[in-house]
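>>> What shape does this take:
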Amino acid sequence: MNLNIIGNGFDLYHGLPSSYYYFGCYLIKNDAEFYEEIGKMYNFKWMEPIGPPIAHDYKYVVENIFWRDFEKHLGEIDEIFIIDTHVEDLGLEYNDPVDIEMNEDQIAERLKRHFVHWVMETLDKEENYSVIKEFMKKIGSRVVLNDDDYFLQFNYTHILQRLYKITDDKIHYVHGECFGEDDDELIIGHGNNQRIDEIKKYIDKLEKDYDFTQRMSNNINEYYCLLRYIERLKKDVSICSHGCNEFYRRINGNLDCINVYGLSLGDVDIPYLKQIRLRWPNSKWRFSYYSSEDKSKIVNVATTILNLNEDEYETFDFSNSLSNKIRERITEIQNIITY
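From the prediction side, this is the model:
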């Protein structure tokens, strides 16, 4: 009996356009005004000029340097944008009072709703799974999954059920499951606790040095808005880990192997891996890799963080020669416009 940990690389292996680059494309197509707004908030390039400068023509772009680490960047909002916007957009001087209701909560909720619709409308679609099945028949699947095993699913789709006939009771969705409803609760966010602590300390300093001027009051208010927004888009690992513990209690006995498929091994992933290592200390680990950079990260995580000896883990190649063709076909079917 094994535990299989499923990351976004698993969906990408099967050709789903699940990288955050495509979420950026979705926002441009469905809410360009909002895309511009978050472009300013996070200070990434969202437009670029085309033609001669005198024409003043622009086109939308999806800057990969931001979108490839989208969730990480959610904790790195441009605080200058927050501070300046609340004053300049109102036509105020900085010493004027800014006693208005800020909309950071609404922005965070709007981003989450768009994310739900992106997964629902372009990824978790039956026609996508039909395309994948059609292509995979040509080469056969290199992935062998057994319904006797258990699955810790970091994605939101039903690829395990649709392609591998895994039953729902063997799967735990760490960050929420896409049911195809507007009110689906899918968790996205960053793990930048350090940034949150820095803002809290700065607010404490401002309040300690408070001089009763309107300028200082405005400044404190703005940083509270910044804090509230960043906290709203933070992944609460403790709550998610609690849900995982409930799932682990259903696993009776020892695990032969812990297979890690397509997990980025980022900072927000580490607590879950540590939790599993403590619970099943004698299990062997297998990590998938796509590039040499992945292999270096695996060695570091396995030996330094999980304290695995060389004979306690191994790596395996996880590339698919058809994934690009599958993705091209799906983007065509779903009418996904790229930028």
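
>>> Look up how far residue 275 lies from residue 242.
As judged by C-beta to C-beta, to the nearest Å, residue 242 and residue 275 stand 10 Å apart. In this view, the C-beta of every residue, glycine as well, is placed from N, C-alpha and C.

>>> Looking at the two, which has the bigger crowd around it?
residue 275 (15 against 10; other C-beta atoms under 10 Å).

>>> a strand runs through residue 285, doesn't it?
Yes: assessed by DSSP: H, G, I helix; E, B strand; the rest coil, residue 285 belongs to a strand.

>>> bridging residues for it?
residue 258, residue 313 (DSSP bridges).

>>> what about it, neighbour count?
23.

>>> That one reaches residue 313, doesn't it?
Yes: contact criterion C-beta atoms under 8 Å: residue 285 and residue 313 qualify, at 4.1 Å.

>>> Quickly list what's touching both of the two.
Counting by C-beta atoms under 8 Å, 6 or more residues apart in numbering, the residues touching both residue 285 and residue 313 are 302, 306.

>>> Run the chain-centre distance for the biggest helix by length in the chain.
The longest helix of the chain (DSSP state H) is helix 214-232. Centre-to-centre, helix 214-232 and its host chain are 25 Å apart (C-alpha atoms, centre = their mean, to the nearest Å).

>>> check contacts around residue 277.
306, 307, 308.

>>> Does it belong to a helix, a strand or coil?
Per three-state DSSP, residue 277 ends up helix.

>>> Report the separation between it and residue 261.
From residue 277 to residue 261 the distance is 17 Å (C-beta to C-beta).

>>> And for residue 11?
For residue 11 relative to residue 261 (C-beta to C-beta), the value is 10 Å.

>>> Residue 232 now?
Residue 232 sits 30 Å away from residue 261, going by C-beta to C-beta.

>>> I'd guessed residue 51 sits against residue 57; true?
Yes: here residue 51 reaches residue 57: they are 4.8 Å apart, a contact under C-beta under 8 Å.

>>> So which of residue 11 and residue 261 has more stuff around it?
Comparing residue 11 with residue 261 by neighbour count (other C-beta under 10 Å), the higher total belongs to residue 11, at 25 against 22.
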